[in-house]
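Enquirer: With the sequence up front, the predicted model follows.
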Amino acid sequence: MELISPDIGFLFWMTLAFGIVFFFVARFAFPVINKMLKQREEKITEALEKAERTHAEMEKLQANNEILLQQAREEREKMLNEARLSSEQIIEEAKAKASQEANRMIDSAKETIENEYKAAVTEIKNEIANISIKVAEKILQEELSKNDKQMDYINKIIKEYDNK
Amino acid sequence: MKNWKIFISLSFLMCLVFGAQTVALAEQQKDEEEFKAGEVIIEHVLDSYDWHLFSWKGHAVTINLPIIAISEGRFYTFSTKHLHDGNTYVTTNKKTGEPMTFAIPGEGQYKGKVVILGKDGTRIRPLDISITKNVMALFISSTLIIVLFYLVMKAYQKRGEKAPKGLQSLFEWLIVYVRDDIARKAISENKVDRYLPYLVTVFFFIIINNILGLIPIFPFGANITGNIAVTAVLAMFTFFITNLLGNKEYYKDIFNTPGVPWFLKYPLPLMPIIETVGCFTKPFVLAVRLFANITAGHIVVLGFISSIFIVAKVSLMGGVGMSVFSLILAIFVDCIELLVAYIQAYVFTLLSALYFGMASKEHHH
């Protein structure tokens, strides 16, 4: 029965001893430990959060970079297209200009030729007229004295020639 | 990891030494006419006025602890050595000046306890606050706990927010375990800090005393947590903390339990009576569980060792064979006891936390 009946003396000492242990732990040791544990936990949580934030920021930056890169690529594409377009245009324009010039030159050549031709014809006409006059003079000098009929004939020829 | 290895190897060493010493203790019983296993075991489990260390050449080497008795408001202090082997200690009654005789009777109602012998042979039990073996062991373990906590506290102050090291990591692991897996699961978040110091103290007090109780060499090996007085005091602390820090709703649940038909409360207050009895049974169960588990463990180990001598009485060879078998079993049970040492500390702390949680939770009907 002694086993299951608490001894008064031991109850007293146990209350005292445990009370002292409890007082020491609760009053001195535990607050220090608990404070440090909490501080460390807060620090770790903070560090983790910071890492998380940094990571998110990095990702955002990367995304931004991606966007910028995409934009640059598009820009380049656009510029290339524009350059191609403008070069084609320039070539086209040059071609047009060249052909225009050629046409103009051809036209002016044609005109010159025409004018030359006309001048040549006029000159030939004058020359022929002069030659004819000379011929006529000679013929006239020789033949006018001969007869009037011949004179008429010469006139007729000149007229025909003129009408041509 | 390294700590664990040390811990496990120490435990094994502990078991071996325990086994060896139990053999030595039992050897001393061998000379007696009859080996009474039951008596030997109960004697080892119970408290005593002196601390038996070992036997040397047939003589018991013991530490004589002081007896402190209070009779009629006067203190009487003397050494246990005066009362050995049925001797009596005669002193003068500080009140009347008459001679006064102290003795430890070997039989009767006060068997093994200090009594004052009356003139007509009556035995009067004084208020006995002697420093017994268990009290001494309790002082030693309490000092050890305070020293350990002091070292850990210093380590925290020195290392600040740096990662824990050595003893500090072992304590931190257990403290965080008590906080996260026991307190926070049972008690609402904002109340945890109020109860945590007690829960941590109780957990360490029980687990350290349990483990020290398994170490058979002086100054450990006393059956502290296997003593009903110790567990009763621990349970009383839990009881007072539960009820003194209980909130209004907790008391309403006891005296005017909601959700119960009125005829269970009036005219005969059945529910309040049941609830009030419940308040007392809870710590009672706590005390009995811890006491019974630890005592049972000690009895089983001692039982295995005793069986060596019971068999040896019949045949010598049987005794030799039995000793190997029993030692292995005793070591095995000691290992289980290590587990029990932890489990019981956990259970006591967890149940205390649950009671605190019940007494402090806010209902949201």
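Expert: Everything's here; your move.
Enquirer: near chain B, which residues of chain A?
Expert: Counting by Cβ under 8 Å from any Cβ of the partner chain, chain A comes close to chain B at A:2-15, A:17-18, A:20-22, A:24-26, A:28-34, A:36-37, A:39-40, A:43. In short, each C-beta sits where N, CA and C put it, glycine included.
Enquirer: Write the ChimeraX selection for whichever of those residues are buried.
Expert: Only the buried entries of those go into this ChimeraX selection, using 16 or more other Cβ atoms under 10 Å in any protein chain shown:
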select /A:6,7,9,10,11,12,13,14,15,17,18,21,22,24,25,29,30,32,33,34,36,37,40
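Enquirer: Which of the residues of chain A next to chain B fall in helices?
Expert: Of the residues of chain A next to chain B, the ones assigned to helices by DSSP state H are A:8-15, A:17-18, A:20-22, A:24, A:30-34, A:36-37, A:39-40, A:43.
Enquirer: tell me which element the residue nearest to the spatial centre of chain A falls in.
Expert: Of all residues in chain A, the one closest to the mean position by Cα atoms, centre = their mean is residue A:79, 2.2 Å from it. According to DSSP states H and E, residue A:79 maps onto helix A:30-139.
Enquirer: how distant is that helix from the center of its chain?
Expert: Distance of helix A:30-139 from the chain centroid (Cα atoms, centre = their mean, to the nearest Å) equals 6 Å.
Enquirer: Following element in sequence after that helix, please.
Expert: Scanning forward in sequence from helix A:30-139 by DSSP H and E, the next helix or strand is helix A:148-163.
Enquirer: Grab the nearest non-local neighbour of residue A:39.
Expert: Spatial nearest neighbour of residue A:39, excluding adjacent residues (Cβ to Cβ, 6 or more residues apart in numbering or on different chains): residue B:161 at 5.5 Å.
Enquirer: On the three-state scheme, the one you found is what?
Expert: Taking DSSP: H, G, I helix; E, B strand; the rest coil as the rule, one finds residue B:161 in the coil state.
Enquirer: residues touching it, list them.
Expert: Neighbouring residues of residue B:161 by Cβ atoms under 8 Å, 6 or more residues apart in numbering or on different chains: A:36, A:39-40, A:43.
Enquirer: Can you tell me which of those is nearest residue A:155?
Expert: Here the nearest of the contacts of residue B:161 to residue A:155, counting by Cβ to Cβ, is residue A:43; it sits at 135.9 Å.
Enquirer: Now the host helix or strand of residue B:357: average pLDDT?
Expert: According to DSSP H and E, residue B:357 maps onto helix B:316-360. The average pLDDT within helix B:316-360 is 86.
Enquirer: picking up where we left off before, show the pLDDT at the residue nearest to the centre of chain A.
Expert: Here the pLDDT value assigned to residue A:79 is 94.
Enquirer: State the helix or strand in which residue B:257 lies.
Expert: Short version: residue B:257 belongs to no helix or strand, going by DSSP H and E.
Enquirer: tell me which parts of the stretch 51-200 of chain B are close to chain A?
Expert: Close to chain A, as judged by Cβ under 8 Å from any Cβ, the stretch 51-200 of chain B has residues B:68, B:111-112, B:127-132, B:134-135, B:138-139, B:142, B:145-146, B:149-150, B:152-153, B:156-157, B:160-161, B:171-172, B:175-176, B:179, B:193, B:196-198, B:200.
Enquirer: Counting neighbours, which of those end up buried?
Expert: The neighbour count (16+ other Cβ under 10 Å) marks B:68, B:128-132, B:134-135, B:138-139, B:142, B:145-146, B:149, B:152-153, B:156, B:171-172, B:175, B:179, B:196-198, B:200 as buried among those.
Enquirer: residues in contact with residue B:137?
Expert: Counting by Cβ under 8 Å, 6+ apart, residue B:137 has contacts B:212, B:219-222, B:224.
Enquirer: Would you mind listing the buried residues in stretch B:36-54?
Expert: For stretch B:36-54, a neighbour-count test (16+ other Cβ under 10 Å) marks B:37, B:40-41, B:44-52 as buried.
Enquirer: what's the answer for stretch B:238-251, then?
Expert: Here stretch B:238-251 shows B:238-239, B:241-243, B:246, B:249-250 as buried, counting by 16+ other Cβ under 10 Å.
Enquirer: Among those, pick out the one closest to residue B:309, please.
Expert: residue B:238 (40.7 Å).
Enquirer: And the average pLDDT for the helix or strand where residue B:141 lies is what?
Expert: For residue B:141, the element it lies in under DSSP H and E is helix B:133-159. What helix B:133-159 shows for mean pLDDT is 93.
Enquirer: any low-confidence regions in chain A?
Expert: Scanning chain A for pLDDT under 70 picks out the ranges A:1, A:140-146, A:164.
Enquirer: hmm, try it at 90
Expert: A:1-10, A:40-41, A:116-164 (pLDDT under 90).
Enquirer: Give me the phi and psi for residue B:221.
Expert: phi 90, psi 0 (degrees, to the nearest 10).
Enquirer: Count the residues that sit near the closest residue to it other than its chain neighbours.
Expert: With sequence-adjacent residues excluded and distances taken as Cβ to Cβ, 6+ apart, residue B:221 is closest to residue B:215, at 5.7 Å. Using other Cβ atoms under 10 Å in any protein chain shown, residue B:215 is surrounded by 18 other residues.
Enquirer: quick one: the strands in chain B?
Expert: B:50-56, B:59-64, B:66-71, B:74-79, B:88-92, B:99-103, B:115-117, B:123-124, B:127-128 (DSSP state E).
Enquirer: how about those strands in TSV, adding mean pLDDT?
Expert: What follows is the strands of chain B, written out as TSV (pLDDT from 0 to 100):
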stretch	mean pLDDT
strand B:50-56	78
strand B:59-64	82
strand B:66-71	89
strand B:74-79	88
strand B:88-92	86
strand B:99-103	86
strand B:115-117	87
strand B:123-124	86
strand B:127-128	88
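Enquirer: Good, wrapping up.
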